[in-house]
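> output the structure for:
(chains A and B)
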Amino acid sequence: MIKILRNFSKRIIFSIFRKRDNIKIGFYGPPNSGKTTLANSICKDWTGEELGAASEVPHETREVQFKEKVEIKHKGKILTFKIVDTPGIATKIDYEDFLRFGLKKNEAKKRAKEATQGIIESIKWLDDMDAVVIVLDSTENPYSQVNITIIGNLVARKIPVLIVANKIDLKKSNIKRLQAAFPEYEVVGISARDKSNMDEFYESLFKLAKKI
Amino acid sequence: MGKIDKEKIKGLRIHVMPYSEVKDMGIAERVRKVLNLILGNKIVILHGRLRPEEEARLIEDTMAMVDHVKNFKGIELAVIEPDMRGESMFFKMKHNIAKSLVGDSSALTIIGPASIIKEIKKDPRKIELLLS
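Numbering: from 1, shown residues only, chains lettered A, B, ... in the order given. Okay, here's the model as predicted:
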């Protein structure tokens, strides 16, 4: 509790003196929800370079990765920020799950070890975020406790949140279920893979930045 | 609960923890207590819920243990709370005041080792445990 209050007051002081182009927007969510695919899509469009590798194997991102000074122009407005792409947060890691994707036992064990460290790192980084985009897989049950824990921690830290319902291109996608689970938040549906509905996403991102 | 065989039911241990047992504990002590029970292969049913920062700490400490404790794969965690949708503002306010005074004891938290609980299926009104 003391840590949260300390970080909150630090955020208030920083927000007074911080330059508007120094804001950090974190991409959080469970593994395989498409955080890196979305971060890559934004970085590729606006900086010409991707941020990191994305894959169907869970926990592909096992270290926090950044792109500084990403400048987005949308409807005559400009938003400059640092993208912070974080490893997916989970409550369990079993190396045997990776074997199903064709990884060898040693590789799977190494990946599992790195994934646990990545999750710890993601949680530690929560305190440093100015705003967070929570990327959720819209084909999955949104009531997972990991989602609720991430949002609860952001609310406790007074960090503005935007929820992205990713993978709307898939048949099983259900944005309404996601909106019903988090009625207090703006939910924007996109497909990071085929870049659909990105205009609406950028609109929401500008609104999110305004709340900082 | 899902389909489970009798052998697994025999070995299943559930620890029901009243909120009063953890009420006066600090974050580290509370999380340690829960994790010790989990490491003893018990499913913990906590009358109440952890604060968001405690849940985050529980995940952090769990991940540190996955790294260090052999055969420990992590936890499954779910919280079920009374459905406040449709309740009046006054009722919600009353509930929140009570929560801040005596702690959140209206919720139920289920935490168990991932080696025993394969999955917790949750929707706003019910929790379904699928055992490994």
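> what residues does the longest helix that chain A contains touch?
Using DSSP state H to define each element, chain A has its longest helix at helix A:105-125. Applying Cβ atoms under 8 Å, 6 or more residues apart in numbering or on different chains, the contact partners of helix A:105-125 are A:26, A:28, A:31, A:57-59, A:61-64, A:84, A:86-90, A:93-96, A:98-99, A:103, A:153, B:56, B:59-60, B:63-64, B:66-67. Heads up, the C-betas are built off the backbone N, CA and C, glycines and all.
> pairing partners for the helix or strand just after it, with directions?
Scanning forward in sequence from helix A:105-125 by DSSP states H and E, the next helix or strand is strand A:131-137. Paired neighbours of strand A:131-137 in the sheet (DSSP bridges): strand A:23-28 (parallel), strand A:161-166 (parallel).
> just those: most buried one?
Ranked by mean neighbour count, the strands paired with strand A:131-137 are led by strand A:161-166 with a mean of 25 (mean count of other Cβ atoms under 10 Å in any protein chain shown).
> what residues are up against B:Asp61?
By Cβ under 8 Å, 6+ apart, B:Asp61 lies in contact with B:Val31, B:Arg32, B:Leu35.
> roughly how far apart are A:Lys69 and A:Ile42?
13 Å (Cβ to Cβ, to the nearest Å).
> looking at those two, which is more packed in?
A:Ile42 (26 against 12; other Cβ atoms under 10 Å in any protein chain shown).
> are we agreed that the more buried one is in a helix?
Yes. When DSSP: H, G, I helix; E, B strand; the rest coil is applied, A:Ile42 is found to be in a helix.
> quick one: average pLDDT of stretch A:189-196?
Across stretch A:189-196, pLDDT averages out at 96.
> just the buried positions in that stretch, please.
Residues of stretch A:189-196 classed as buried by neighbour count (16 or more other Cβ atoms under 10 Å in any protein chain shown): A:Gly189, A:Ile190, A:Ser191, A:Ala192, A:Arg193, A:Lys195.
> ok, and the closest non-adjacent residue to the most centrally placed residue in chain A?
Centroid-nearest residue in chain A: A:Phe27, 2.0 Å away (criterion: Cα atoms, centre = their mean). Excluding the flanking residues, the one nearest A:Phe27 by Cβ to Cβ, 6 or more residues apart in numbering or on different chains is A:Lys35, at 4.3 Å.
> what do you get for A:Ile148?
B:Val79 (7.1 Å).
> now A:Glu63
Spatially, and ignoring its direct neighbours in sequence, A:Glu63 is nearest to A:Gly118 (6.1 Å; Cβ to Cβ, 6+ apart).
> what about the one you found, how many neighbours?
Using other Cβ under 10 Å, A:Gly118 has 24 neighbouring residues.
> sorry, back to before: report the distance from the longest helix of chain A to the chain centre.
17 Å (Cα atoms, centre = their mean, to the nearest Å).
> what mean pLDDT does that helix have?
Mean pLDDT, helix A:105-125: 96.
> kindly report the same for stretch A:133-146.
On average, stretch A:133-146 scores 96.
> CA atoms of it as PDB?
What follows is stretch A:133-146, C-alpha atoms only, in PDB (Å, rounded to 0.1, in the frame of the first residue of the first chain):
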ATOM      1  CA  VAL A 133      -3.200  -0.700 -23.300                       C
ATOM      2  CA  ILE A 134      -4.500  -4.000 -22.200                       C
ATOM      3  CA  VAL A 135      -4.500  -6.400 -25.100                       C
ATOM      4  CA  LEU A 136      -6.900  -9.300 -24.700                       C
ATOM      5  CA  ASP A 137      -7.700 -12.100 -27.100                       C
ATOM      6  CA  SER A 138     -11.400 -11.600 -27.900                       C
ATOM      7  CA  THR A 139     -11.800 -15.300 -28.600                       C
ATOM      8  CA  GLU A 140     -11.000 -16.200 -25.000                       C
ATOM      9  CA  ASN A 141     -13.000 -16.000 -21.700                       C
ATOM     10  CA  PRO A 142     -12.300 -12.500 -20.400                       C
ATOM     11  CA  TYR A 143     -13.100 -13.400 -16.800                       C
ATOM     12  CA  SER A 144      -9.600 -14.800 -16.200                       C
ATOM     13  CA  GLN A 145      -8.200 -13.600 -12.900                       C
ATOM     14  CA  VAL A 146      -5.000 -12.400 -14.600                       C
END
